[in-house]
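No sequence on hand, only this structure:
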């Protein structure tokens, strides 16, 4: 199997058909963004990186492995950056891919030759990308200073590492829990060639710095016996000592092992992980890695990724395949598996019991403010069984914590972002036929979020319940006077209103499906609350006071506004995906609606690097101008994504940036999760074949397709003329062939009459 080594030279690609995993370039997103929009719109350069660390392991794995260039669990610092010159370890990681949060409960392993050095900065070795090999299933690198070759591969809950010490000199390996607080623990058991580690997890956002109530646990086993061993604390090495525990004063702790030196010494290390306890890590290791056959695990990991990525087969240019399959790979890191092989997992939030998941896998790290838009719908389309497990995981969190979590990370509540988009994720899954989760219990807690302002100050502060709900229920919008101090984003009243209105629409669709008629009617009224923060005089989203007055000194194109989340009022105006017809009326009709969209794209006000606007380019179809969607989608794909390390124009954010690309390159997009349809765009590939979980297949053939021929001329679905600019989920999943004829000029008559798009069909 040929792995590619960066830099990529596409002209040298083998002409034979490669497997999907061979197209993935895990470097993408690990370097500063190279796009103009990232430089223009990023606040304090915070979105100038995709924040991607190469993930080596399995799709949605509990613990993944990555080379470590930054030895920290500090907020906004990913484990690996492409431009860093040295590697100081190989990390068992729980990094939320492409985020600005923090890793947690992680550890690092680093081989050393000649001299024992425990400090991460001092033990770091130079490396070059030309001597790295990297795929989703395998990583290797030559450590230039120590003359050691390092290799990694993994299962869902365990990793196996292979180190080749090329020089016959003292051979060491250091193990360090990455505890920034200095609370790590290590213990050496030389008689059984084993080291155990735990690294306590701490909360972020709500309750920042407090214990999360669980740890990352590791059982590390070696194939070879130890020549010597010891521990260290605050860089003070203690030979032959077996145990070290941090006291919480930010001191570093770790263990080291020495092996008998020999020429080309090979040391195999296998590591089991768990969030439950050390015995859970041991059981996970025994179940998933009962042998020392590195190559067998590598092949198994490749097969797992090919199975996952291979559900979408495409025909197009080699570079487009690299960008597409890398994006699909990025979408499959989080939410992460959290339960052990026997189903055990630590209780959510303050629940300190060990629970057992029966009939489902328990998942964590739902970056829902980002991922409800396209990443969760992509899971629902390609992996509905896993999507059901994710929904059941959310239900269990609500049962254990008392409130449906809004942005659950680190197995805890947060009020990290605005909105309540678990309602979107669950309603969308149900609308697309996904069952296998306790929807009635889920609805009970979703309803509580939507109808009740949490009256308990302590639990509200910890992240339970929607922010600003008293005002929302009283005024049908959140006025500017109502700042939300018990949240990470402390104002952003207009964004909250728009997002709650959409979430209430989604919950209303679920209420309707479950026969809860009274709730359905009330939620329909709540869903119209967006009208209260769209200024009819300007047609833009705007801050509003409790007495009805609009904010002063209003500039819809200001890069940031206090009442808007991470963007401009103009960018957020379009976040009414459930009621585009109503938004259109406020703006004065289709012509004005399309003209406002034009101003966003033609004048550079659109920002792709942050998620609230991801659906905006598809809204032209609602205004009768789908050809403009086709034009701008192609332009965004070309300008916002590349096959280079800086090829993401903003934070990956849990897979959302890449999920937009996956859908858009396939040729359709879920504009309004909760409504089971996809708006057609401009397919990137000559052919797309989706192998669906129900055993059927959907094929899209784009004839006469090229970079210049980005406009749809006509469409056939199963051989019959098709004039609608959207597909329903049922049409897609029942299988068939969509034939799209492309051309260099717009066909303004095709797809220009779909009034139902703007209704609640």
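In hand now; what should we look at? Worth saying up front: this structure is predicted, and the values here are computed from it rather than measured.

residues near residue 739, how many?
Residue 739 has 16 neighbours, counted by other Cβ atoms under 10 Å. The C-beta positions use only the backbone N, C-alpha and C, and glycine is treated the same way.

ok, now residue 642?
18.

contacting residues around it?
By Cβ atoms under 8 Å, 6 or more residues apart in numbering, the contact set of residue 642 is 28, 34, 323.

can you do 10 Å?
For residue 642, the contact set (Cβ atoms under 10 Å, 6 or more residues apart in numbering) comprises 28, 33-35, 319, 322-323, 648-649.

hey, where'd the helices end up in the stretch 101-250 of the chain?
Ranges of helices in the stretch 101-250 of the chain, per DSSP state H, counting those that start in this stretch, are 120-123.

Between the contacts of residue 642, which sits nearest residue 90?
residue 28 (20.5 Å; Cβ to Cβ).

helix, strand or coil for that closest one?
Under DSSP: H, G, I helix; E, B strand; the rest coil, residue 28 falls in the coil class.

What separation is there between residue 137 and residue 472?
According to Cβ to Cβ, to the nearest Å, residue 137 and residue 472 sit 47 Å apart.

swap in residue 745?
47 Å.

okay, those two: which has more neighbours?
residue 472 (24 against 11).

which one is that one nearest to, not counting chain neighbours?
Distances taken as Cβ to Cβ, 6 or more residues apart in numbering place residue 478 nearest to residue 472, at 5.3 Å, with adjacent residues excluded.

Skipping its backbone neighbours, what lies nearest the spatially most central residue of the chain in space?
The residue lying closest to the centre of the chain (Cα atoms, centre = their mean) is residue 654, at 1.3 Å. Computed as Cβ to Cβ, 6+ apart, the closest residue to residue 654 that is not its neighbour in sequence is residue 367, at 3.2 Å.

Check that neighbour and give its pLDDT.
Residue 367 carries a pLDDT value of 95.

Then residue 3?
Residue 3 is given a pLDDT of 41.

that older thread, hang on, isn't the residue nearest to residue 472 packed against residue 419?
No. Counting by Cβ atoms under 10 Å, residue 478 stays clear of residue 419, with 11.8 Å between them.

Give me the common contacts of these two.
Common neighbours of residue 478 and residue 419, counting by Cβ under 10 Å, 6+ apart, are 466-467, 492, 495-496, 498, 500.

for this structure, longest helix please?
Assignment by DSSP state H gives helix 493-513 as the longest helix of the chain.

How far does stretch 53-63 sit from its chain's centre?
Relative to the mean C-alpha coordinate of its chain, stretch 53-63 is positioned 12 Å out (Cα atoms, centre = their mean, to the nearest Å).

what's the closest non-adjacent residue to residue 639?
Closest residue to residue 639 apart from its sequence neighbours, by Cβ to Cβ, 6+ apart: residue 35 at 6.2 Å.

neighbours around that neighbour, how many?
Residue 35: 20 surrounding residues under other Cβ under 10 Å.

how much space between it and residue 325?
With distances taken as Cβ to Cβ, residue 35 is found 20 Å from residue 325.

for residue 384, same thing?
21 Å.

Also residue 723?
Distance, residue 723 to residue 325, by Cβ to Cβ: 32 Å.

Quick check: residue 271 is in a strand.
Yes. Judged by three-state DSSP, residue 271 forms part of a strand.

surely it meets residue 107?
Yes. Contact criterion Cβ under 10 Å: residue 271 and residue 107 qualify, at 8.0 Å.

Check what pLDDT residue 11 gets.
34.

no, scratch that, I was asking about residue 17
76.

in what helix or strand does it lie?
Assigned by DSSP states H and E, residue 17 falls within no helix or strand.

For residue 361, see how far away it is.
For residue 17, the distance to residue 361 equals 33 Å [Cβ to Cβ].

same check, this time on residue 469
Distance, residue 469 to residue 361, by Cβ to Cβ: 32 Å.

so how far is the first residue of stretch 102-111 from its last?
Using Cα to Cα, to the nearest Å, one end of stretch 102-111 lies 25 Å from the other.

Give me the distance between that stretch and the centre of its chain.
Put simply, stretch 102-111 sits 20 Å off its chain's centre (Cα atoms, centre = their mean).

can you check stretch 528-543 too?
The answer for stretch 528-543 is 31 Å, by Cα atoms, centre = their mean.

Buried residues, it. List them.
By neighbour count on 16 or more other Cβ atoms under 10 Å, the buried set for stretch 528-543 is 528-535, 538-543.

How about stretch 639-647?
640-647.

Between the two ends of it, how far is it?
One end of stretch 639-647 to the other measures 9 Å (Cα to Cα).

Over to stretch 153-161?
Terminal residues of stretch 153-161 are spaced 7 Å apart (Cα to Cα).

For residue 225, grab the count of nearby residues.
By other Cβ under 10 Å, 11 other residues sit near residue 225.

Phi first, then psi, for it.
Dihedral angles of residue 225 (phi, psi; degrees, to the nearest 10) stand at phi -70, psi 160.

Can you tell me the closest non-neighbouring residue to it?
residue 193 (6.1 Å).

Surely the one you found touches residue 227?
No. Look at residue 193 against residue 227 with Cβ under 10 Å: they stay out of range, at 11.7 Å.

Give me the common contacts of those two.
Counting by Cβ under 10 Å, 6+ apart, the shared contacts of residue 193 and residue 227 are residue 257.

about what we covered before: pLDDT wise, what is the residue nearest to residue 225 at?
The confidence metric pLDDT takes the value 98 at residue 193.

Enumerate every residue touching it.
Shown in contact with residue 193 (Cβ under 10 Å, 6+ apart): 220-226, 257.

just the buried members of these?
Buried members of the contacts of residue 193, counted by 16+ other Cβ under 10 Å: 220-222, 226, 257.

Including pLDDT and distance to residue 142, could those residues go into TSV?
Compiled in TSV, the buried ones among the contacts of residue 193 are given as follows (pLDDT from 0 to 100; distance: Cβ to Cβ, whole Å):
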residue	pLDDT	distance to residue 142
220	98	23
221	98	25
222	98	22
226	98	25
257	98	22
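
Tell me which of the residues you listed fall in strands.
220-222, 257 (DSSP state E).

Just name the closest of the contacts of residue 193 to residue 595, please.
Nearest to residue 595 among these is residue 220, at 62.0 Å by Cβ to Cβ.

where in the chain is pLDDT low?
Residue ranges of the chain with pLDDT under 70: 1-16, 36, 39, 41-48, 760-761.

buried residues in stretch 89-96?
Buried, per 16+ other Cβ under 10 Å, within stretch 89-96: 89-96.

do the same with stretch 282-294
Neighbour-count burial for stretch 282-294 flags 282-285, 287-289, 294 (criterion: 16+ other Cβ under 10 Å).

chain center to it: distance?
28 Å.

Also stretch 549-567?
28 Å.

what do you get for stretch 20-31?
Between the centre of stretch 20-31 and the centre of its host chain there is 15 Å, according to Cα atoms, centre = their mean.

tell me how far the ends of that stretch are from each other?
Stretch 20-31 has an end-to-end distance of 23 Å (Cα to Cα).

Which members of the buried residues of stretch 639-647 occur in helices, if any?
In this view, those that belong to helices under DSSP H are residue 640.

Could you export the buried residues of stretch 639-647 to a markdown table, including columns for distance to residue 164?
A markdown table is the format used below for the buried residues of stretch 639-647 (distance: Cβ to Cβ, whole Å):
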| residue | distance to residue 164 |
| --- | --- |
| 640 | 40 |
| 641 | 36 |
| 642 | 34 |
| 643 | 30 |
| 644 | 30 |
| 645 | 27 |
| 646 | 32 |
| 647 | 32 |
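
State the pair within the buried residues of stretch 639-647 that is farthest apart.
The largest separation in the buried residues of stretch 639-647, counting by Cβ to Cβ, is between 640 and 645 at 14.9 Å.

Next, format the contacts of residue 193 as a markdown table and append distance to residue 159.
Output for the contacts of residue 193, formatted as a markdown table (distance: Cβ to Cβ, whole Å):
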| residue | distance to residue 159 |
| --- | --- |
| 220 | 10 |
| 221 | 11 |
| 222 | 13 |
| 223 | 14 |
| 224 | 17 |
| 225 | 21 |
| 226 | 20 |
| 257 | 17 |
